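**Q** how would this look folded up:
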Amino acid sequence: YSSLATGAKGIFAYAYYPMSSGYESGGYGLVNLDGSVTERAIEMGKLARTIDGYGEILSQSKPVKPEVALLYNPLSQMVGGTRREGSEDGHINSLIGYYRFLSDQNIPVDFIHRLDLESGSLSQYKLIIVPYALMFNKKAAEGLKKFVKEGGHVLSEARLAWNDERGYSSPVIPGLGLSEVFGAREIKVKTLPRVPMKVVDNNHPAMAYLKNNDIIIGSRFAESIEPVNNNTRVLATLDDNTPCIISSDYGKGHTLFIGSFIAMANSRGSLWDQSTQRLVIQDSANQNVNRFLSGLIEWAGISRPFHVLQKDEADNPLVVRLHEYPGGNILYILNHGKKPAEAVVRIKVKEDGKYSMKEIFRNK
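**A** Below is the predicted model:
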């Protein structure tokens with residue numbers, strides 16, 4: 001069901017009978033070696049009957065269109081993006097950190113490729129998050145500039161476009177002309193495992209859930225930046241009081257630049273404790289990262305197609321996904337915990353009126 005909820009149109013069971021020879025013998029089967037039926041085979045059969053019974057609806061359904069996009073930029077892997085220090089992987093953990101927050105908040109999100117920036121087909125999005133983009137190319141930079149100029153919101157992390165696709169450094173960072181878009185330029189940078197950033201302007205919408213002097217924790221780079229135009233606001237500073245988070249306006253759009261990697265730090269800060277089945281936030285400053293990201297959603301004016309109201313959400317957050325099809329909607333509510341959980345889900349509809357609801361597993 002998790003696969004269907006993300007938009008998959010087929011499920012492949014590997015395999016019906018277990019392997020019968022070699023070091024994999026006895027494994028991977030839905031039934032036992034002697035052919036006797038297992039619980040998982042029965043459950044797969046139930047799933048198949050449900051999907052077959054509603055095949056026409058399920059085949060036409062698509063996840064609701066997200067207004068938030070995470071940029072996957074494979075060039076980042078050329079500049080330490082897959083360098084491992086323990087369990088650290090800069091590029092992947094940055095993507096995971098942002099996706100974890102958005103997914104836990106049941107906010108629809110897409111991954112877009114750098115080539116999508118280059119083609120310019122981004123009109124459905126209100127917010128693009130650009131994590132760990134140390135290497136960039138001119139065409140993608142122009143696509144990002146166009147998106148903001150036409151009214152989009154963009155958040156970028158440290159040292160954006162430090163190198164171009166050939167590996168040459170930019171004389172000004174953010175590079176490739178993006179310094180003008182983000183209203184900032186780098187003045188110095190340090191490499192640190194933990195980067196405290198102090199909030200100095202909580203009147204900005206992105207800081208709405210934070211207080212002045214709250215600490216947001218970044219990772220790897222502590223990049224000091226300075227404003228380059230009169231459209232900027234300094235939102236947070238480093239230990240030496242140099243700016244490290246700046247907001248700016250460009251054309252009809254708005255930007256935020258962070259001189260560190262907050263999502264990479266956040267991906268390590270929140271852990272699922274298997275023994276207690278609870279989400280554990282190891283560091284209160286990492287909670288401030290989530291508060292900042294909540295403000296980011298408000299800042300970009302993201303409209304949610306549904307809201308999930310749940311008590312004790314941190315103990316067992318339900319996964320909720322909404323699909324559209326010509327006749328209405330399909331709502332998936334997934335409970336990955338070990339206990340039942342209750343929630344109220346409010347769905348936006350196109351117009352007032354009466355609607356019928358059907359729970360397809362029990363046909364009620």
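**Q** For residue 216, see how far away residue 185 is.
**A** 21 Å (Cβ to Cβ, to the nearest Å). For glycine as for every other residue, the C-beta is placed from the backbone atoms N, C-alpha and C.
**Q** More neighbours: those two, which one.
**A** A direct count of neighbours by other Cβ atoms under 10 Å for residue 185 and residue 216 places residue 216 higher, at 28 against 19.
**Q** and the longest strand for this structure?
**A** The longest strand of the chain (DSSP state E) is strand 184-199.
**Q** who does it touch, helix- and strand-wise?
**A** Applying 3 or more Cβ pairs under 8 Å, 6 or more residues apart in numbering; DSSP states H and E, one finds that strand 184-199 contacts strand 215-227, strand 233-237, strand 243-250.
**Q** quick one: strands adjacent to the longest one?
**A** Strands adjacent to strand 215-227 in the sheet, as given by DSSP bridges, are strand 184-199 (antiparallel).
**Q** Buried ones in the strand it pairs with, by neighbour count?
**A** Within strand 184-199, the residues that qualify as buried are 184-186, 189, 195-199, counting by 16 or more other Cβ atoms under 10 Å.
**Q** Residues contacting stretch 219-231, please?
**A** 90, 158-159, 179-180, 183-195, 234, 238, 240, 242-244, 246, 248-250, 257, 259-262, 264-265, 268 (Cβ atoms under 8 Å, 6 or more residues apart in numbering).
**Q** Can I get the helices and strands packed on strand 184-199 in TSV including distance to residue 121 and mean pLDDT?
**A** TSV is the format used below for the helices and strands packed on strand 184-199 (distance: least, Cβ to Cβ, whole Å; pLDDT from 0 to 100):
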stretch	distance to residue 121	mean pLDDT
strand 215-227	31	91
strand 233-237	31	95
strand 243-250	20	95
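**Q** Kindly reformat these as CSV containing distance to residue 347.
**A** CSV is the format used below for the helices and strands packed on strand 184-199 (distance: least, Cβ to Cβ, whole Å):
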stretch, distance to residue 347
strand 215-227, 33
strand 233-237, 34
strand 243-250, 33
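**Q** of all these, which lies closest to residue 118?
**A** Residue 118 sits nearest to strand 243-250 of all those, at 18.9 Å, using Cβ to Cβ.
**Q** Distance check, residue 32 against residue 40.
**A** Residue 32 sits 11 Å away from residue 40, going by Cβ to Cβ.
**Q** I should have written residue 49 there, sorry.
**A** Counting by Cβ to Cβ, the gap from residue 49 to residue 40 is 15 Å.
**Q** Check residue 11 too.
**A** The spacing between residue 11 and residue 40, counted by Cβ to Cβ, is 13 Å.
**Q** which residues does residue 197 bridge with?
**A** So, taking DSSP bridges as the rule, residue 197 has residue 216 as bridge partners.
**Q** Now for the nearest residue to residue 343 once chain neighbours are set aside, how many residues are close by?
**A** In this structure, residue 343 finds its nearest non-sequential neighbour in residue 310, 4.1 Å apart by Cβ to Cβ, 6 or more residues apart in numbering. By the measure other Cβ under 10 Å, the count of residues near residue 310 is 17.
**Q** so where do the helices sit in the stretch 1-150 of the chain?
**A** All helices of the stretch 1-150 of the chain, identified by DSSP state H, counting those that start in this stretch, fall at 2-5, 39-53, 55-60, 90-104, 114-119, 138-149.
**Q** Throw those into JSON lines and include distance to residue 207 and mean neighbour count, thanks.
**A** Shown next, in JSON lines, are those (distance: least, Cβ to Cβ, whole Å; neighbours: other Cβ atoms under 10 Å):
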{"stretch": "helix 2-5", "distance to residue 207": "33", "mean neighbour count": "15"}
{"stretch": "helix 39-53", "distance to residue 207": "45", "mean neighbour count": "12"}
{"stretch": "helix 55-60", "distance to residue 207": "42", "mean neighbour count": "13"}
{"stretch": "helix 90-104", "distance to residue 207": "16", "mean neighbour count": "21"}
{"stretch": "helix 114-119", "distance to residue 207": "27", "mean neighbour count": "18"}
{"stretch": "helix 138-149", "distance to residue 207": "20", "mean neighbour count": "20"}
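**Q** Mind putting those helices into CSV with distance to residue 330?
**A** Shown next, in CSV, are those (distance: least, Cβ to Cβ, whole Å):
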stretch, distance to residue 330
helix 2-5, 9
helix 39-53, 12
helix 55-60, 7
helix 90-104, 18
helix 114-119, 26
helix 138-149, 31
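**Q** Now these in TSV, please, with extra columns for distance to residue 171 and mean pLDDT.
**A** Below are these laid out as TSV (distance: least, Cβ to Cβ, whole Å; pLDDT from 0 to 100):
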stretch	distance to residue 171	mean pLDDT
helix 2-5	47	90
helix 39-53	56	92
helix 55-60	52	92
helix 90-104	24	87
helix 114-119	22	90
helix 138-149	14	94
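**Q** Among the ones you listed, which comes closest to residue 359?
**A** Taking Cβ to Cβ, helix 39-53 is the member of these nearest to residue 359, at 11.1 Å.
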